[in-house]
Each structure stands twice: as C-alpha cells, then as structure tokens.
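*Asks:* Provided below are the primary sequence and the corresponding predicted coordinates.
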Amino acid sequence: MPGGRDPVQIKVLSAISDVSAAAWDGCAGPENPFVSHGFLYALEESGSATNATGWKPQHLVIEDSGRVVACAPLYLKSHSYGEYVFDWGWADAYERAGGSYFPKLLSAVPFTPVTGRRLLVHPEADPSLADALITGMIQLADEYKVSSLHVNFPTRAEFERLGEGGLLRRTGNQFHWENNDYATFDDFLGELTSRKRKTIRRERREVAEQRVCLRALTGDNIKEHHWDAFFRFHVDTTNRKWGQRYLSREFFSVLPTLMADKVVLIIAEDNGETVGGALNLIGTDTLYGRYWGCSANYNFLHFEACYYRAIDFAIKHGLKRVEAGAQGTHKIQRGYLPTTTYSAHLIADPRFRDAVSNFLEQEALEVEAEMNMLAEHSPYRKSGNS
C-alpha cells in the first residue's frame, strides 16, 4: 500500500463498469449500499445516470501495484437536477453576471440525498489517500475549466477534510429515526408524549380500516409485476413533483439482480391490487427510505408505508436508524428528528467564490437557528412527563 510519500496516479473512468465490483466495493465497504458498485452500475446500465441524462461519469480510481486502493464517484453535470443540495440560485446569479455555470463536477450518488463516504479508501490503505482524491477532483475541475466542484452528503469527517482542502462548507438538515433498543413499535410509542402516541395510533388505525394490506418484500419475493406497479407510481410521483422522472423502468430490474438482499419493497394492496409502494435499501445498521408512490388517495397511507413500516422493519431486524429521505418537517411528530447534513463546494471564479462564501456564512446561521427551533418540537417525552 502507498505510504503517502510518492505521488499517486489517478485514473478517470467513463463508466463504473471499467472497474470490477470487488475492487470498488473493497474501498466502499458494506455500510452504505448507495456507494456500492451495484447501485452505481444499476444507475448507469439502466440509462438513468449517463451522459445523455446530464450525468457523465468521471469516477476516480487510485491503484497501487495493480490493486484499487481508493476511489470516488464523480460526474460531469450539465444541470443541477437530482442533487438535493440546491445551487440553482448560484447558477442563475453566475450566468446573469456573464459566466457559464454548467458544466460542473459533482461527487455524489445520483438522485440520492443520503449521507455516506465519498472519499472511498481501502481500510488497509494509507488514509491520506482521501486527500489525494480531493486533489484529484480539484485538478480535474481545473483541467476541464468548469465553474465549480461539489461534494454532496459526505460524512462529517469528510466535510472537515474537504474544508481543509480549500472547499467551502455548507450544512442542511434531514429527519432520521433512532432505534433506542426498542423491542416493539409500542416500545417506541411509549417514549412519545401522550398526544403524539394517540395521533400515530389513530393514523395507523385509519389505514387498517381502509382495508389496505401492507407487506414488506425482500429478495426473490419481489417479482417483476411488483416492479411494474412501483415504476408506475414512481413516474406519477416524480411527474407531479418535478415534471420529469429520473429513473428508468430498467433500473428497477437491474438493481435487484445485483443487490437483492439490500432491497426492501413495502407494497400496499387493495383487494389484491397493488396500489402503493415504498422502496428502501438496507445498510449495515440503517434502513434508507428512497422512493414512494401511490395510485389513489388513502388516508395516512404515505405515513404508514414510508415511516411506520420502516420503523417496524428496523426494530425487527435490529437496525439502529431509519433515514427517510430529504426534507419534510411533518416527519418530526412521527419520531424522526432533525439531523445535520453536509456538502462542500469549490468555486473557480474568485469574485463569485467570495459571494458564495458570504451567502453560506449567512445560511449557516439560518440553518442553525432552524435546527434549534425544530428540536423544540420533539415528540418525545421529557423526563417526568407523560
């Protein structure tokens, strides 16, 4: 393994298939399914994240004696869709000033606002290779003469490291549920205030009274007709929210062939017809809620399928937390508390960098104030209260 003294050579790959799954996953590890070779391959192979859709792969790989010792997902972007760290305002301001904001470089997982490592270093390799990956990203940004480099949803440790590497740092928030060694869903409810317990029980009861049957399917129990239905829901949901879908139908066939043991599909059925579904992926200690859709209106079905059934699954399988996706203050009263998320940004133009830096300083104060305000609305009982 490199000792950190000699210069390292970084390869730029135009497809994740240019590196073996074993080599990539040796660096990515098993903790987070979204940075795995399988998930990234499913996005590219299905045509969901390719040059044609504005996600041109530029993945970085460092080898030592023919062995991959570090890597990073990286894309050349022609837009800012599917990122969940919003910089459209920056793009508009820069282009009104006469600059060209796109293309830009982005290290992230397409369409996936999930915190995880972006600087993937093999556990037996020199940890300083993370800095080599940062340097490689910066050099590539300079070589391509792009306006900016962005790293979305890195870990806190990487966030600090990226800041030390010269990138501007930005914070945001999501809402996560933590498993306090609960044995049952009722154990979790027991930690909530009386009013919140009653609300959740009422919502779950109303779903049951609509005679909607929900099941959590994994592995081979998920059939193609389930994916057909779920894709219809996905298209309907994304068209209503964003005006376009991100994922192709093929993605939902490729994904389970590569990582079936990581997929949990919670389906809702009405008289045997699949009417809704929530797609989750399993990490080593976390259940990640990703996509949801429904063909009709059912009271509280979204909360049941996406939040309560996810909690049920996490408790049953001993997972430490549930991450239910981006945004949504309504998650707080259902036990999901605000959690800080991170991103880092390199702006090439010095004048524009100063403007963005000033913006981020003010935004950080606003995010901190919002986090403090949201924390006051926790549904959990305070000591001595029922």
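*Replies:* Thanks, I have the structure now.
*Asks:* Give me the distance between residue 228 and residue 56.
*Replies:* Note on residue 228: its distance to residue 56, by Cβ to Cβ, to the nearest Å, is 30 Å. Every C-beta, even on glycine, is put in place using the N, C-alpha and C of the backbone.
*Asks:* Compare neighbour counts for these two and give me the winner.
*Replies:* Applying other Cβ atoms under 10 Å to residue 228 and residue 56 shows that residue 56 carries more neighbours, namely 18 against 13.
*Asks:* Please identify which helix or strand holds that one.
*Replies:* strand 55-57 (DSSP states H and E).
*Asks:* Check which strands are paired with that strand and give the direction for each one.
*Replies:* strand 75-77 (antiparallel) (DSSP bridges).
*Asks:* Which element is encountered next along the chain beyond the strand it pairs with?
*Replies:* helix 88-96.
*Asks:* List the contacts of that following helix.
*Replies:* Contact with helix 88-96 is made by 80, 100-102, 147-148, 349, 352, 355-356, 359, as judged by Cβ atoms under 8 Å, 6 or more residues apart in numbering.
*Asks:* repeat that for 6 Å
*Replies:* Outside helix 88-96, the residues within contact range by Cβ atoms under 6 Å, 6 or more residues apart in numbering are 80, 101, 352.
*Asks:* Check stretch 111-120 too.
*Replies:* By Cβ under 6 Å, 6+ apart, stretch 111-120 touches 27-28, 32, 34-35, 71-72, 82, 84, 107, 130, 133, 151, 153-155, 158, 246, 288, 326, 341.
*Asks:* and the end-to-end length of that stretch?
*Replies:* 19 Å (Cα to Cα, to the nearest Å).
*Asks:* Next: stretch 182-202.
*Replies:* End to end - Cα to Cα - stretch 182-202 spans 21 Å.
*Asks:* Likewise for stretch 298-306?
*Replies:* 13 Å.
*Asks:* Using neighbour counts, pick out the buried residues of it.
*Replies:* 298, 300-306 (16 or more other Cβ atoms under 10 Å).
*Asks:* Now do the same for it: mean pLDDT, whole number.
*Replies:* Here stretch 298-306 scores 97 as its mean pLDDT.
*Asks:* Scan the protein for its longest helix.
*Replies:* Criterion DSSP state H: the longest helix present in the chain is helix 350-375.
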